[in-house]
Structure formats: C-alpha cells, structure tokens
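Novice: From the sequence below, what's the structure:
(2 chains)
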Amino acid sequence: MADIAFDEEVDITDKVCPLTFVKAKVTLDELDEGQILAIRMNDGEPVQNVPRSIKDEGHQILKLEDNEDGTYTLYVKKVGD
Amino acid sequence: MAETIDYSSLKKGGFMRQKQKGYFSLRLAVVGGNLTAENIKTIAEVAEKYGRGYVHMTSRQGVEIPFINFKDIEEVRGKLAEGGVKPGVCGPRVRTVTACQGSEICPSGCIDSYGLAKELDERYFGRELPHKFKFGVTGCMNNCLKSEENDIGVKGGYLIDYKPEACISCGVCIKACREGALSMVDGKVVLDAEKCNHCGRCVKSCPVDAWDFEPGYIVSFGGLFGNQIYKGEQIVPIIKDKETLFRVADAAIDFFDKNANPGERFRKTLQRVGEEEFRKQVREAYEGKA
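Specialist: The predicted structure follows:
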C-alpha cells in the first residue's frame, strides 16, 4: 500500500470524535522528532478533521492515501518533542 | 400609578413589561455576546439588590434582569452605568448585534466576527425603524450564529487561490472539502469554482500553505425566525472589503426604512413591494454606485 516508509502505525477507525484525534495524538507523543506515523482513519468526519487537528498541533503532514476500503491513511512526521 | 408609565419610552431603554404588575425585565446592551468581568459583577449586584437574584440569558446573546420594580428604574440605570453597563433596546429599532468569537479566538473562524459586530453596533444599534431589525455575524460556514435568521446576516468565508508550486499533492484538502469542489489531476489540485462555498477548509487543512486566501463577507438579507420562518438570501457575491459591506448594509436598511409599513418585518416588506428594486439597489451599492 504505502510508498512512504513509516516508523509506527495507529488505527483510529475504532474511535469516534474527539477520541480519534486523542488516540493519534497519544501515539505521536510517544514518537521521537522526525519519526513518521501512519494513521488509519475512517472516511467522513475523521478524514475531514483529523489531518487539520494534527497540522494545528504543529506536525508535518506528508500524504493522505485512499485505501479504497472506506479508510484513509495519513502519514505524519513528528515535529518537536 | 401604573397608568403614568410610558411603555414605549421604557421599551426603547430595554424595559420589558412583565406579567407581574409594576415589574420589568431589564434588557441590557450586549455586543457579540461579550461582557467584561466588571459588567458581570455590576449586573450581579443589581440582580441581587433590585431583582430576584438571577438573570435571564436571551436567545440572542442578551442578558435581562427580571423583576425590576418601576420605582427603581432610575436608580438601577445609575448603578448599571457605574459598572459600564448600558440598557439594551426592544421595540422598532436595530437590536443586539450577535456574533461568534470569530477568527481571533476560534480555529474555524474566517473573519473577526466580534470586531465586526462592534463596528455594526456603533453604526446601527438602536436606529429607529418601522420594526425590529436584527444583525448577526458568524465567522465561518459552521454558522454557529445562524446568519440567515437575521434581517442582515454576515458570514465569514475565504476567497481562495491555489499555488501549485507549493503543493505536495498530499490530498488532504480534497477530503477536507465538503462540497466536492476539489480533485487531484496529474498530482495537482483542480478547483471547480462553481462548487466552492468559500468555507476555507482547504486552506485550514493544507499542511504546506499551498493556498492563498483573502477573507470575505457573505451577506444574507431578510431572514425571519419567529412567527414565520424565512431563510435570508444572499443576493450579491462574497464581499472582500468592509467599505463595500457597510455600503450594502446601508442600502438594505435604508430600503427598509423607506418602504416598510410600521410593524412590518423586512422580509414582509420585500414580499409586498417586490424584491426587484431591492436587489437592484443592493447590487448598485455592491458595485459602488450608491
């Protein structure tokens, strides 16, 4: 699936807002600066809002990939400790 | 004594007659839903001393102090003035200008709603008209302040411009857009301007600022949300500057002032006299001819 190498992955398709973002954020917090996290999320509200929340936290978004199964994977590079 | 009360002058000063004889619910002036801590302390003191120790929050961000005895009116006015609290208005005039917190506070905001509400308040609040007239300002497409239920509603939006050289083709904006206005063609985003509703979600979600944007005002006219319900209509495109916004608002409120029968809401006037002339005058104001 991914042409981006990542260090960690997290699936937030089992959560609803705001826990989608919380689960992604908790995982990101555990990474080191510069590491890449793949976040799998549902279509609809999560994919509309989670990327922006991650951006507002100051992390770098690399790519959003359509998994063509009703989910998307967002690749995020951790910025800051 | 009751027959000596001049109700219309009291309504102008925000005194709403209660069912209970001789008592008024005193409406206070609030702009955009903000009060200072000093205002709140003063209101609390007045409610305790002259009212029944509580306030009522109105549906349009106002505050009323119920159970003010008419004998205390002058004293209450004086106390409130000491704490910087002004009486509100009821009756046939421009009412409280409502606003969300806007772009100064809210991540979703496209315009400074509160700042604009203050300016609209200074320009129009209390202006005498054939009937009540309401302004509301909301910062973005989420419409927390229900722009279209007002006689004049203002909603913030962004005019957008794509910068392909900055884009990393991540695809986030395409999903953030709820209008289906964006698509990815050969690794670049293509905008269908017809579908864009100026919500600005593409701009706000973009990780690399590949969108230029300019805030704008989406204005709706003739909303009603009382005995009858009517959604205010947008009749000119998104407005880029405040001068044009005020020109358009002036044109609309002047039209209402000149054409409305006493006790007739804006929408009813438009329905009675026909909207064609109104639309023409607003368009001229928009184009700077008025």
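Novice: How about residue B:231, nearest residue that isn't a chain neighbour?
Specialist: Nearest residue to residue B:231, sequence neighbours excluded (Cβ to Cβ, 6 or more residues apart in numbering or on different chains): residue B:148, at 4.6 Å. Where C-beta positions appear, they are placed from N, C-alpha and C, glycine not excepted.
Novice: Now the one you found: phi and psi?
Specialist: Here is the backbone geometry of residue B:148 (degrees, to the nearest 10): phi -70, psi 0.
Novice: now do the one 5 residues further on
Specialist: Backbone torsions for residue B:153, taken as degrees, to the nearest 10, come to phi -110, psi 140.
Novice: count of neighbours near residue B:122?
Specialist: Number of residues near residue B:122 (other Cβ atoms under 10 Å in any protein chain shown) recorded here: 10.
Novice: Looks to me like it is in a helix.
Specialist: Yes. Judged by DSSP: H, G, I helix; E, B strand; the rest coil, residue B:122 forms part of a helix.
Novice: Surely residue A:57 and residue A:22 touch.
Specialist: No. With contact defined as Cβ atoms under 8 Å, residue A:57 and residue A:22 do not form a contacting pair (11.5 Å).
Novice: for the chain, what are the low-confidence residue spans?
Specialist: I went with chain A, as the question did not name one. When residues are selected by pLDDT under 70, those of chain A lie in A:1-2.
Novice: right idea, wrong chain: chain B
Specialist: Looking at chain B by pLDDT under 70, you get B:1-5, B:290.
Novice: Let me see the domain layout of it.
Specialist: When chain B is parsed with automatic domain parsing, its domains come out as B:2-82, B:98-286.
Novice: among these, which is the most enclosed?
Specialist: domain B:98-286 (a mean of 19; mean count of other Cβ atoms under 10 Å in any protein chain shown).
Novice: follow-up on the earlier one: what sits against the residue nearest to residue B:231?
Specialist: Counting by Cβ atoms under 8 Å, 6 or more residues apart in numbering or on different chains, residue B:148 touches B:220, B:223, B:231, B:232, B:233.
Novice: same thing but at 10 Å, please
Specialist: B:136, B:138, B:155, B:218, B:220-225, B:230-234 (Cβ atoms under 10 Å, 6 or more residues apart in numbering or on different chains).
Novice: For the nearest residue to residue A:35 once chain neighbours are set aside, which residues are in contact?
Specialist: Leaving aside its chain neighbours, residue A:35 sits nearest to residue A:7 (4.2 Å; criterion: Cβ to Cβ, 6+ apart). When contacts are counted by Cβ under 10 Å, 6+ apart, residue A:7 touches A:31, A:32, A:34, A:35, A:36, A:37, A:38, A:77, A:78.
Novice: quick one: the fifth one and residue A:27 touch, right?
Specialist: No. Counting by Cβ atoms under 10 Å, residue A:36 stays clear of residue A:27, with 11.7 Å between them.
Novice: ok so, going back, what would the contacts of residue A:7 look like in CSV with neighbour count and distance to residue B:277?
Specialist: Below are the contacts of residue A:7 laid out as CSV (neighbours: other Cβ atoms under 10 Å in any protein chain shown; distance: Cβ to Cβ, whole Å):
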residue, neighbour count, distance to residue B:277
A:31, 17, 63
A:32, 8, 67
A:34, 10, 64
A:35, 14, 64
A:36, 19, 61
A:37, 22, 60
A:38, 22, 60
A:77, 19, 58
A:78, 22, 60
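Novice: Export these as TSV, with columns for secondary structure.
Specialist: Below are the contacts of residue A:7 laid out as TSV (three-state DSSP):
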residue	secondary structure
A:31	coil
A:32	coil
A:34	coil
A:35	coil
A:36	strand
A:37	strand
A:38	strand
A:77	strand
A:78	coil
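Novice: With distance to residue B:242 as new columns, can those be given to me in a markdown table?
Specialist: Shown next, in a markdown table, are these (distance: Cβ to Cβ, whole Å):
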| residue | distance to residue B:242 |
| --- | --- |
| A:31 | 45 |
| A:32 | 47 |
| A:34 | 44 |
| A:35 | 46 |
| A:36 | 44 |
| A:37 | 43 |
| A:38 | 45 |
| A:77 | 40 |
| A:78 | 41 |
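Novice: closest to residue B:178 among those?
Specialist: Nearest to residue B:178, judged by Cβ to Cβ, of the contacts of residue A:7 is residue A:38 at 24.7 Å.
Novice: right, and the closest one touches residue A:61 too?
Specialist: No. Counting by Cβ under 10 Å, residue A:38 stays clear of residue A:61, with 11.8 Å between them.
Novice: and for those two, which residues touch both?
Specialist: Joint contacts of residue A:38 and residue A:61 (Cβ under 10 Å, 6+ apart) are A:74, A:75, A:76.
Novice: Please, which helix or strand holds residue 53?
Specialist: Here I'm looking at chain A. If you go by DSSP states H and E, residue A:53 is part of helix A:45-56.
Novice: wait, chain B
Specialist: With DSSP H and E as criterion, residue B:53 is part of no helix or strand.
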